[in-house]
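Engineer: With the input below, show me the fold.
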Amino acid sequence: MIDNIMLKHLLSNNKLSSSIRLFLIIYVFLFKFNLTYSQTQEEIEYRLKAVFFFNILQFIEWPDTAFKTNESPVVIVVIGRDPFGKILDETVMNEKIGDHPIIIQRVQTLNEIQNCHALFISTSERYNYINILRELKNSSILTVSDIEGFSERGGNIEFFIEDNKIRFAINIDTLNQANLKASSKLLRLARLVN
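Structural biologist: This is a model prediction of the structure:
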């Protein structure tokens, strides 16, 4: 709406020369296009990350004690500002991991989590994620994030971009400490971190 008002003003302003007016109109269109383009790029990135996340979960084995029954849901929790929006819900809708249906929850603090198998730590938590990892140290919760250096600092799985492609790193030590097992197929695709 602001763009339309600006365009009307630019077109009706007789004090501006036609070349300046044209330059300003082009500038407004380019600015608007760049905002739309960057939002689309972020949406595409998180759509791919949601698919990666879901596929990775299929190659993780939790201890038997992580589920009350064989049909108990796998609970995915996103903590902090949710970068996925509805994308993650759409990705896992009507899907299962083994016999386990998938539930997604969103929280702002660890205290809100009642049951969790996989925790995605949003970049909004980049100043707090070390504390979150410390709190989860003795649990069998898979920790996933796209915070830079996440896997080197104790997270289980980190998404990163390399050569314009989404890749992931796995910290084998923290995965073992959480009593989680990753399939050898998954490990072959990952950058391994110790």
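
Engineer: sec struct for N179, please.
Structural biologist: The assignment at N179 comes out as coil when based on DSSP: H, G, I helix; E, B strand; the rest coil.

Engineer: what separates it from A66, distance-wise?
Structural biologist: 9 Å (Cβ to Cβ, to the nearest Å). (Each C-beta comes from the backbone N, C-alpha and C, glycine too.)

Engineer: Between these two, which has more neighbouring residues?
Structural biologist: Between N179 and A66, counting by other Cβ atoms under 10 Å, A66 is the more crowded of the two (20 against 14).

Engineer: Give the residues shared as contacts by N179 and A66.
Structural biologist: Jointly contacting N179 and A66 under the rule Cβ atoms under 8 Å, 6 or more residues apart in numbering are S140.

Engineer: I87 is in contact with Y46, correct?
Structural biologist: Yes. Using Cβ atoms under 8 Å, Y46 is in contact with I87, at 5.6 Å.

Engineer: Tell me which of these two has more neighbours.
Structural biologist: Comparing Y46 with I87 by neighbour count (other Cβ under 10 Å), the higher total belongs to Y46, at 21 against 18.

Engineer: do you know how far the more buried one is from I141?
Structural biologist: Counting by Cβ to Cβ - Y46 and I141 are separated by 21 Å.
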